[in-house]
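[1] prediction below, plus the sequence it came from.
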Amino acid sequence: MSTNNNAFKLILGLSGDWHLQHIRLSKAGDALEFMVGRVKTSKNWLGREQREVINGPRHAWRHLDFGGMPTYVYAVVDGDDTLFEQSWAGPRTQAFTRAMASYLVELMCSGADLGSICKLHRIDLDTLWRFRFSLEHAADDSVLEPGALQRLRQHESTLRQQAAANAPRAAARSGTQIPGPDSPVWQLVASGEAQLQTNVFALRLLLARLRSEIEAIVDPRERQLKCAKLHRYFTNNIAQLADELRQVKEFVL
């Protein structure tokens, strides 16, 4: 594909001396790979303009899907740290470009759970989990596009306020006794066979991780040990989980 394809350059948002070298399919044929490099323009001793292609190692990020396919940006790293500030790139330690990371945050704010996001965009759950965890400790918006992190924190604050307001009424309906750690209800919930509705983000993260792990476990005892994590979470956070406990008890019936 032509390295001067202005349409794709515009789609990516490349500017300055960054240019699209070429686009290719991944070896498995299930993803697009945008190869981005830098071309510096200078003048030779005769005063004629010359273009120099800068080569070097590449850094990869998952970008916004293109044509329904997972898309990755592979950019040349040549010592200029402005690369890591681009919307089509991201911080060194982040798996996603700023554009993709901000899009994922918008999905989270809309109420999409991690499991659904992973299936929709073919993202490894562990990668998305680590990204979501990193946002908890982000000092500012630098890992995202402006305003995205603030919207996420406002969304979570609203959910916490709603949960706190509903807690007394839910507690009155459910009581406080938790099913024992050996109750089969924990496996029903952890596996996703019983769909637990919750606005508590930490619990949603735990459920997404447990469902992924349990799918790969055959040994019943090992499954039970995994489900015990869910029981411990309820035991340690019962004051915030009155509505969730009511649902768990209904699953037992």
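    Arrived safely. Residues are numbered from 1 along each chain as shown.
[2] for residue 223, which non-adjacent residue is spatially closest?
    Nearest residue to residue 223 in three dimensions, chain neighbours excluded: residue 217, at 5.1 Å (CB to CB, 6 or more residues apart in numbering). C-betas here are computed from N, CA, C, even on glycine.
[3] quick one: that neighbour from residue 205, how far?
    19 Å (CB to CB, to the nearest Å).
[4] who has more neighbours out of these two?
    More crowded of residue 217 and residue 205, by other CB atoms under 10 Å: residue 205, with 17 against 14.
[5] thought that one was touching residue 135?
    No. Contact criterion CB atoms under 8 Å: residue 205 and residue 135 do not qualify, at 11.3 Å.
[6] what sits against residue 105?
    Residue 105 makes contact with 135, 144, 148-149, 151-152, according to CB atoms under 8 Å, 6 or more residues apart in numbering.
[7] would you map the strands across this structure?
    Ranges of strands within the chain are 18-25, 32-43, 49-54, 58-66, 69-76, based on DSSP state E.
[8] by mean pLDDT, show me the worst of these.
    Ranked by mean pLDDT, the strands of the chain bottom out at strand 49-54, with a mean of 70.
[9] okay, now residue 122: neighbour count?
    That count, for residue 122 with other CB under 10 Å as the rule, works out to 12.
[10] for it, which non-adjacent residue is closest in space?
    Spatial nearest neighbour of residue 122, chain neighbours left out: residue 70 (5.3 Å); criterion: CB to CB, 6+ apart.
[11] do residue 214 as well
    Once chain neighbours are set aside, the closest to residue 214 by CB to CB, 6+ apart is residue 191, at 5.2 Å.
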